[in-house]
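S.K.: Have a look at this prediction, sequence included:
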Amino acid sequence: MTRLYVPATLHLLAALDERGSLPLGDDVVAAMDDSEDAEYDALMTAAQTSALLAVELDPGERRRVVVVAEVASVGEAVGLGDVVAVHADGTDLPEDASLEDLEDLGDLGWYATQEIPDLLHDRPPG
């Protein structure tokens with residue numbers, strides 16, 4: 001199995017929850033090995049890309065989101081059944097926060113797959 005760290009936004013997470021799959025782009029990060037350091041590095045790299053996605057794709061969003069999935073082989077999409085966890089900022093940053101503020105937040109909160117609806121409850125409309 002390969003563990004993937006998929007940069008996302010709350011809107012992309014909502015699409016995963018509604019449609020059951022999330023298309024993969026070139027920005028997916030795989031842990032190089034099973035060590036905690038490699039997994040943490042992959043997570044934080046995906047979190048930085050998520051901050052860029054939030055600014056580029058969903059300017060109203062102020063959270064980093066990383067979907068963690070385990071797949072037998074890397075394809076074009078990740079299914080909801082492949083998701084093992086979601087990492088995300090627990091709250092939105094203020095509207096005047098910069099991209100650097102998003103990137104410098106540090107660790108993300110860990111959410112089980114059954115907590116995805118809770119994460120989506122307060123997302124920006126759209």
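M.R.: Looks like it arrived, so ask away. Residues are numbered from 1 along each chain as shown.
S.K.: For the protein, which segments count as strands?
M.R.: With DSSP state E as the criterion, the chain has strands at 2-8, 21-23, 29-30, 65-71, 77-79, 83-88, 109-111.
S.K.: Columns mean neighbour count and distance to residue 118 on top of the ones you listed, output as CSV?
M.R.: No exception for glycine: its C-beta is placed from N, CA and C like everyone else's. Compiled in CSV, the strands of the chain are given as follows (neighbours: other Cβ atoms under 10 Å; distance: least, Cβ to Cβ, whole Å):
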stretch, mean neighbour count, distance to residue 118
strand 2-8, 22, 16
strand 21-23, 17, 18
strand 29-30, 17, 25
strand 65-71, 23, 13
strand 77-79, 17, 20
strand 83-88, 20, 10
strand 109-111, 14, 8
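S.K.: mean pLDDT for these: which is lowest?
M.R.: Mean pLDDT per stretch puts strand 29-30 lowest among those, at a mean of 80.
S.K.: what about the longest helix in this structure?
M.R.: The residue-count maximum for a helix in the chain (DSSP state H) belongs to helix 36-56.
S.K.: Distance from the chain centre to stretch 77-93, please.
M.R.: Computed by Cα atoms, centre = their mean, to the nearest Å, the chain-centroid distance of stretch 77-93 equals 5 Å.
S.K.: Send me it as CSV with only the CA atoms.
M.R.: The C-alpha trace of stretch 77-93 is given here as CSV (Å, rounded to 0.1, in the frame of the first residue of the first chain):
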residue,chain,number,x,y,z
ALA,A,77,-8.6,9.6,-8.1
VAL,A,78,-8.8,8.6,-4.5
GLY,A,79,-12.0,7.0,-3.3
LEU,A,80,-13.6,7.9,0.1
GLY,A,81,-13.0,4.3,1.1
ASP,A,82,-9.2,4.9,0.6
VAL,A,83,-9.2,7.8,3.0
VAL,A,84,-7.7,6.9,6.4
ALA,A,85,-7.7,10.5,7.9
VAL,A,86,-7.9,14.1,7.2
HIS,A,87,-5.6,16.8,8.7
ALA,A,88,-6.9,20.4,8.8
ASP,A,89,-6.6,23.6,10.6
GLY,A,90,-9.3,23.7,13.4
THR,A,91,-10.5,27.2,12.7
ASP,A,92,-10.4,29.8,9.9
LEU,A,93,-7.7,32.5,9.9
